[in-house]
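Novice: after the sequence you'll find the predicted model.
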Amino acid sequence: MAFRAPLTNHHADGTLCPGDHRHTGSGKPRHDDCSGRAYTQAVCSCGWEMGQPGKGYVAECRKRHLAGHAQGPKVLRDLLRLDAS
């Protein structure tokens with residue numbers, strides 16, 4: 001089964017910001033009817049989710065999460081090891 005974790009942008013009131021609304025790097029709107037991006041969220045089909053103000057951070061965490069699905073449980077065990085030897 002292929003896992004999916006689409007990125008979505010949200011306004012401060014929690015409503016979804018449409019994909020055609022463009023923002024500056026800091027989340028300020030470039031569209032007249034948009035209040036701006038308050039946070040970006042990724043929700044995986046496995047149940048994992050993450051929402052943070054930094055779009056790049058969420059995108060990187062999403063990429064790592066999906067890579068864990070692709071490589072199987074051994075990679076997750078290696079990533080979660082407490083001893084860094």
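Specialist: Good, I have the coordinates. None of the values given here were measured: they were computed from a predicted structure.
Novice: below-threshold pLDDT in the chain: ranges please.
Specialist: Using pLDDT under 70 as the threshold, the predicted model of the chain has low-confidence ranges 1, 71-77, 79-85.
Novice: for it, what spans make up the strands?
Specialist: Along the chain, the stretches classed as strands by DSSP state E are 7-10, 16-17, 39-43, 49-52.
Novice: quick one: strands adjacent to the shortest one?
Specialist: Strand 16-17 has these partner strands in its sheet, going by DSSP bridges: strand 7-10 (antiparallel).
Novice: likewise for the longest one?
Specialist: Strands adjacent to strand 39-43 in the sheet, as given by DSSP bridges, are strand 7-10 (antiparallel), strand 49-52 (antiparallel).
Novice: TSV for those strands, including distance to residue 63?
Specialist: Using the backbone N, CA and C atoms, a C-beta is placed for each residue, glycine as well. Below are those laid out as TSV (distance: least, Cβ to Cβ, whole Å):
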stretch	distance to residue 63
strand 7-10	10
strand 49-52	11
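Novice: relative to residue 41, which of those is closest?
Specialist: Nearest to residue 41 among the strands paired with strand 39-43 is strand 49-52; the distance by Cβ to Cβ comes to 3.8 Å.
Novice: can you give the contact residues for that closest one?
Specialist: Among residues not part of strand 49-52, those counted as contacts by Cβ atoms under 8 Å, 6 or more residues apart in numbering are 10, 39, 40, 41, 42, 43, 58, 61, 62, 65.
Novice: out of these, which are buried?
Specialist: In terms of neighbour count (16 or more other Cβ atoms under 10 Å), the buried residues within the contacts of strand 49-52 are 39, 40, 41, 42, 43, 58, 61, 62, 65.
Novice: can I get these in TSV with distance to residue 24?
Specialist: As requested, those are exported to TSV (distance: Cβ to Cβ, whole Å):
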residue	distance to residue 24
39	15
40	14
41	19
42	21
43	25
58	17
61	22
62	21
65	27
